[in-house]
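Novice: generate coordinates for the sequence data below:
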Amino acid sequence: MKRIHYYILPVLLLCLVILPNKLQAASCSTSACHADIGRGKVVHEPTRIGECLNCHQSSNSGHPSGNGADFVLTATGSSLCLACHDSEGFSGDHEHGPSASGACLYCHDPHSSQQDNLLRMAPKDMCFSCHTDFKLQLQGPAFVHSAIEDLDCSACHVSHAGSIPGLLKGETTTLCLGCHDEIESKYKRSLRKHKPLYTGGRCANCHSAHFSDYRFLLPAEGSGLCFNCHGNKDEESTSALRNIKQEIEGKEFVHAPVEDQGCDGCHDTHGSSHGAILKGPYPATVYAPYDENGYDLCFECHDKELLTSRMTDDATDFRNGSLNLHFRHVAIDRKGRTCAACHSVHASEGQKLINPEGIPFGKWKIPVRFETTETGGSCIPGCHQAMVYDREEAFDNSKKTTSEEEDR
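Specialist: Model (predicted):
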């Protein structure tokens, strides 16, 4: 009998000390008072295992009395949450307001929720409960970033704190390329990268992060965006970009891709393996040995026969009888004249984009002095004597010595 008492007494003492607290904790979420505490899809672990006293402590031995003051939290603000949760990720150079002020319970339910991470409502709705102005702004634009429509704010932003402005998850380009892998692939293989992609605001230099009235989330339509940089009127600046806007505005004749599509008709906006981030091959100089693939960019619109057929009746209007004068000028192995020898690539006051102001060649501008007739025309450029052409009746220029003949 004494042996039995020896074992029973410690057990009874243990029950007297521990069991009341355990019974009280276990009964909190199952009693009629708190029956709905843990019914959400996601249940906070202390609630799930009945450890209510991890967060609450009694201030009245007569609980329950119906007075909310009977139980108080064991700590205040975020210090209570951080007693269990790792503090990493909750501090940084840039902190979310609710997190910085310790208002964890503004976004999170302490017991259970139908949402992941114990959010009080769906993620986007949670953000919009404060960012009401942003929610209204999303109603009007024609284009909304798919990350917002298909995912939620946490696709790009951290919820609590971070080292990058705007609570972004990463540096702008890295973050964007995490989804836009086709742009990342092009960016990596491009020999010439568009400078805004790796300087300043990077992707945000040309794109809105959230919404826009224009495709690709651009802040302006067509060439208007490009002219923000390529319309610099500070011609005295040595670092100023070429003023393309000035070259185009007010001109009588504008190159069709520029007028109809904008700059991206010929240029790749992110990067390219070709000069001037062009979408295809195009000679960068006034003179260049002829390469049958060297004008592929032009042949996206123009008939390739323009340069491949010596004789033609329909590939070009620039012919003397049937002699193709484009072929005559360009298709020269040693010193072919490129399109830029006569034409302005963007716009001109001259028909067929002939540049009446002359073609830049070092410090000199090569004059073209081109005139048209109903069936042909003539030119007196800086590179050969006066020449005449006529589509219906070939003009005899055989007595004129040309630099082209000497080249051949």
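
Novice: got the confidence number for the residue nearest to Asn205 when sequence neighbours are not counted?
Specialist: Closest residue in space to Asn205, ignoring its immediate chain neighbours: Pro196 at 3.8 Å, by CB to CB, 6 or more residues apart in numbering. The way it works is simple: take the backbone N, C-alpha and C, and place the C-beta from them, glycine included. Pro196 carries a pLDDT value of 88.

Novice: so Pro196 touches His230, yeah?
Specialist: No: look at Pro196 against His230 with CB atoms under 8 Å: they stay out of range, at 11.0 Å.

Novice: which neighbours do those two share?
Specialist: Shared contacts of Pro196 and His230, defined by CB atoms under 8 Å, 6 or more residues apart in numbering, are absent.

Novice: just give the closest residue to Leu353, not the sequence neighbours.
Specialist: His343 (4.5 Å).

Novice: do you know the pLDDT at the one you found?
Specialist: For His343, the pLDDT comes out at 92.

Novice: what is the burial count for it?
Specialist: For His343, the tally of surrounding residues (other CB atoms under 10 Å) stands at 17.

Novice: contact partners for Lys245?
Specialist: Applying CB under 8 Å, 6+ apart, the residues near Lys245 are Ser223, Phe227, His230, Gly231.

Novice: so can I have a markdown table of the residues you listed showing neighbour count, pLDDT and distance to Ile332?
Specialist: Shown next, in a markdown table, are the contacts of Lys245 (neighbours: other CB atoms under 10 Å; pLDDT from 0 to 100; distance: CB to CB, whole Å):
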| residue | neighbour count | pLDDT | distance to Ile332 |
| --- | --- | --- | --- |
| Ser223 | 21 | 87 | 34 |
| Phe227 | 18 | 92 | 36 |
| His230 | 18 | 91 | 32 |
| Gly231 | 18 | 88 | 36 |
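
Novice: now, which of those lie within strands?
Specialist: Using DSSP state E, no member of the contacts of Lys245 falls in strands.

Novice: tell me the one of those residues nearest His145?
Specialist: Each of the contacts of Lys245 was scored against His145 by CB to CB, and Ser223 proved nearest at 23.1 Å.

Novice: nearest residue to the closest one in space, please, no chain neighbours.
Specialist: Gly262 is the one closest to Ser223 (CB to CB, 6+ apart), at 4.6 Å.

Novice: burial count for the one you found?
Specialist: Using other CB under 10 Å, the number of residues around Gly262 comes to 17.

Novice: in a helix, the residue nearest to Asn205, correct?
Specialist: Yes: according to DSSP: H, G, I helix; E, B strand; the rest coil, Pro196 belongs to a helix.

Novice: now Met121, what's its secondary structure?
Specialist: Under three-state DSSP, Met121 falls in the coil class.

Novice: wait, it sits on Phe128?
Specialist: No: in this structure Met121 lies outside contact range of Phe128 using CB under 8 Å: 9.2 Å.

Novice: can I get stretch 36-54 in PDB, CA atoms only?
Specialist: Output of stretch 36-54 as PDB, limited to C-alpha atoms (Å, rounded to 0.1, in the frame of the first residue of the first chain):
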ATOM      1  CA  ASP A  36     -15.800  30.200 -33.800                       C
ATOM      2  CA  ILE A  37     -12.200  31.000 -32.900                       C
ATOM      3  CA  GLY A  38     -10.500  28.300 -35.000                       C
ATOM      4  CA  ARG A  39     -13.000  27.600 -37.700                       C
ATOM      5  CA  GLY A  40     -11.100  29.200 -40.600                       C
ATOM      6  CA  LYS A  41      -9.300  27.300 -43.400                       C
ATOM      7  CA  VAL A  42      -6.000  28.400 -42.000                       C
ATOM      8  CA  VAL A  43      -5.600  28.200 -38.200                       C
ATOM      9  CA  HIS A  44      -2.900  29.900 -36.200                       C
ATOM     10  CA  GLU A  45      -0.800  27.100 -34.600                       C
ATOM     11  CA  PRO A  46      -1.200  28.200 -30.900                       C
ATOM     12  CA  THR A  47      -5.000  28.200 -31.500                       C
ATOM     13  CA  ARG A  48      -4.900  24.800 -33.300                       C
ATOM     14  CA  ILE A  49      -3.100  23.100 -30.400                       C
ATOM     15  CA  GLY A  50      -5.100  25.000 -27.700                       C
ATOM     16  CA  GLU A  51      -2.100  27.000 -26.400                       C
ATOM     17  CA  CYS A  52      -4.200  30.200 -25.800                       C
ATOM     18  CA  LEU A  53      -1.900  31.100 -22.900                       C
ATOM     19  CA  ASN A  54       1.000  31.600 -25.300                       C
END
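
Novice: what is the mean pLDDT for it?
Specialist: Stretch 36-54 carries an average pLDDT of 90.

Novice: check the offset of that stretch from the chain's centre.
Specialist: Relative to the chain's own centre, stretch 36-54 is displaced by 43 Å; criterion: CA atoms, centre = their mean, to the nearest Å.
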